[in-house]
Structure formats: C-alpha cells, structure tokens
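Undergrad: predicted model and sequence below, questions to follow.
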Amino acid sequence: MVARKAEDFGFSVLSMGDHLSTNLASLTALATAAAVTTTLRVGSLVFANDFRHPAMLAKEMATLDLLSDGRLELGLGTGWMQNDYDGMGLSLDRPGVRISRLEEAIQIIKGLFGSEPVTFNGQHYALTGLNGLPKPVQQPRPPILIGGGGRRMLSLAAREADIVSIDSTNKKGNVDFSSVTVEAYDQKVRWVRQAAGTRYSDLELNTLIWRVAITDDREQAVQQLLEEYNIDLGEVSVAQFLESPKLLMGTEDEIVEMLQARRERYGISYFTIMGEHHLDICQPILARLVGT
C-alpha cells in the first residue's frame, strides 16, 4: 500500500487532491491511510471549498484528527477545475467570489475547531450557536495549508494559513508557465512576506513538484516531459522551465543541491512530490536530506 511504503521510506505527509477525476475519494482514502500507519501525517492538497459546507468539513476533519491521534494537515482551496463543476452541475463562479467564500469558510472552520459555539453571519454562510464536535487533538487546531498562484490567494494564505503552498495557476485555475520561473517564485515569496507581516517567520512554505527524474541528461528529460503532455511553454524558454522549482531533474547529487538551494533562496522547506511513482525515485534523495 502506498501509505505504508511512504511511511517506511521516511516521507512526512501523504496528501490527496479533491477531484472527481481521481480514482479514490479523498476523505475515505485519507482515513484509511491514517488507520494503517502510525507516524505518517495525512493531508489534503487541497479540499475544494465549494464541494462541502465548511461546518461539515470541519466535523470530518476534527474526526480524522482525533482518530489519527493528531496527524491531520488540512489543505483548503476554492475549487477550480471546470470539469468538476460541470460534472456536478455546479456553477463555477468568478475567482473573486470563490475566494470570498473561502475566506468565510476558513473563519468558520477555525471557529468550530475551538472551544466555543460559533455564530457567524456572512455573505455566503450563516451559523447560529453551532458547537463543533468532536474537537481535534492538535491544539489550537490542525495546521492549515492554503495555496495559490496569484497575489490575492497567496496573501490570504499568508494571513490565515500555517503552511503556504506556492502554486503556478492563473485566475481560471490553468497552469501559467510564466509563473513557474525562478523570477516568478521570487515575486510570489515577496507577496507572501508582505501580507504575512510579523507572522512570516512562523509560516512554512511549500511547493508541488511535478516531475522528478534522475538523469545525466537534463535537457532530454525536460523535452520528454514537454512531448509527453504536449506542453506549450509560450514565452518561457526550455532553459527557464528546466530551472523551475516545479521540476527536479539531474543526477542525485544535483537534485540534493537543487533542494538545498531552493530552501535557501525561497525559504521553501516543504516539497510535495506529485504521483506515487516518484516514491522509489525520491527515496535515496530523501535519505540524504533527512536531518539537514
């Protein structure tokens, strides 16, 4: 099982997305992963706020944190994939509306994790004297991860989250390759720092790695990726894309150096590797980095 293997290899967190196109339902899968492991943290990357009422999500998450003995990491997002909304017959509102709805949901979830009943009157949600049960094991609450590629989402994450995931999507949720360059990441980190203010030093920065390849020929590896997914980089050069924090391509020594350099440059200490097929590839790299 993937969860046991990830734990045995020394990975810290097993995360799942929240899309209709994936094989497994995220809540059930995460609960099962927690049940068959003892130290592995489980998390969402990320739950789509539009798919569940925040009061129900808070209850599910507090239950998972309780039953896993405090191993939950709660990732929250607006929801963005058009196919998800079309499949469920939901309206995909413009980004500003979805972000405003998420802002309210975050306040509700945090409140329900707390000790007092919650009364909330917002534009999108209303609660009256609701006491969130059960209460999570982690106090004051499980860590919250919020990600984004634009300034408004990253600023929201900087103000409200414990973990800020730096993404590369545009307002419509599509990949914007101009935002995966090293210069774009510099800008995104500046946005986070500005919005976080004095709490910046308490934040953990995360990013999702699309592809890891152990290779002596980095150019060939990136060309293979571009051809495999028929990627049009637009004005971004292949060289720029190859140096993006979204990729790890090179020898084992080079990849270790890349991760250390990115931690130094951006302050990113939390890297999420996309796809279970990367477990075996990354295990020797992880072994070299543990404790550094």
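TA: Sure, I can see it. Residues are numbered from 1 along each chain as shown.

Undergrad: could you tell me how far the residue nearest the centre of the chain is located from residue 262?
TA: Per CA atoms, centre = their mean, the C-alpha nearest to the average position across the chain is that of residue 45, at 3.9 Å. For residue 45, the distance to residue 262 (CB to CB, to the nearest Å) stands at 18 Å. Every residue, glycine included, has its C-beta placed from N, CA and C.

Undergrad: kindly report the same for residue 13.
TA: Per CB to CB, residue 13 is found 18 Å from residue 262.

Undergrad: do the same with residue 178
TA: Distance from residue 178 to residue 262, by CB to CB: 19 Å.

Undergrad: so between the two, which is more surrounded?
TA: residue 262 (19 against 15; other CB atoms under 10 Å).

Undergrad: do you know the pLDDT at the more buried one?
TA: At residue 262, the model reports a pLDDT of 97.

Undergrad: ok, now residue 176?
TA: Taking residue 176 on its own, its pLDDT is 81.

Undergrad: what's the burial count for it?
TA: Counted with other CB under 10 Å, residue 176 comes out at 18.

Undergrad: give me phi/psi at it?
TA: phi -110, psi 100 (degrees, to the nearest 10).

Undergrad: that one is in contact with residue 168, isn't it?
TA: Yes - between residue 176 and residue 168 there is a contact at 6.1 Å, judged by CB atoms under 8 Å.

Undergrad: who touches both of the two?
TA: residue 149 (CB atoms under 8 Å, 6 or more residues apart in numbering).

Undergrad: show me the helices in the chain, by range?
TA: Remark: helices assigned in the chain by DSSP state H are 2-9, 26-35, 54-67, 82-88, 95-113, 151-160, 182-196, 218-228, 238-242, 252-266, 278-289.

Undergrad: between those, which one is nearest to residue 140?
TA: Among the helices of the chain, the nearest to residue 140 by CB to CB is helix 95-113 (7.3 Å).

Undergrad: average model confidence for the closest one?
TA: 97.

Undergrad: list the beta-bridge partners for residue 207.
TA: With DSSP bridges applied, residue 207 shows beta-bridge pairing to residue 166, residue 271.

Undergrad: circling back: adding distance to residue 139, write the helices of the chain out as a markdown table.
TA: Formatted as a markdown table, these follow (distance: least, CB to CB, whole Å):
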| stretch | distance to residue 139 |
| --- | --- |
| helix 2-9 | 24 |
| helix 26-35 | 18 |
| helix 54-67 | 10 |
| helix 82-88 | 33 |
| helix 95-113 | 9 |
| helix 151-160 | 18 |
| helix 182-196 | 22 |
| helix 218-228 | 43 |
| helix 238-242 | 42 |
| helix 252-266 | 28 |
| helix 278-289 | 29 |
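
Undergrad: out of the ones you listed, which is closest to residue 138?
TA: Among those, helix 54-67 comes nearest to residue 138, with 5.9 Å by CB to CB.

Undergrad: list the helices and strands the closest one packs on?
TA: helix 26-35, strand 72-77, helix 95-113 (3 or more CB pairs under 8 Å, 6 or more residues apart in numbering; DSSP states H and E).

Undergrad: please identify the most buried of the ones you listed.
TA: strand 72-77 (a mean of 26; mean count of other CB atoms under 10 Å).

Undergrad: quick one: distance of that strand to the chain centre.
TA: 7 Å (CA atoms, centre = their mean, to the nearest Å).

Undergrad: need the residues that contact that strand.
TA: 13, 15, 18, 34, 41-49, 61, 64-65, 102, 105-106, 109, 136, 138, 142-148, 163, 165.

Undergrad: restricted to strands, list those.
TA: 13, 15, 41-44, 47-48, 144-148, 163, 165 (DSSP state E).

Undergrad: who's in contact with the residue lying closest to residue 242 once chain neighbours are set aside?
TA: Nearest residue to residue 242, sequence neighbours excluded (CB to CB, 6 or more residues apart in numbering): residue 222, at 4.8 Å. Listed by CB under 8 Å, 6+ apart, the contact partners of residue 222 are 238, 241, 242, 247, 249.

Undergrad: quick check, pLDDT for residue 222.
TA: Residue 222 is given a pLDDT of 96.

Undergrad: and what of residue 134?
TA: We have a pLDDT of 98 for residue 134.

Undergrad: shouldn't it be in contact with residue 61?
TA: No - applying CB under 8 Å as the test, residue 134 and residue 61 come out as separate, 10.3 Å apart.
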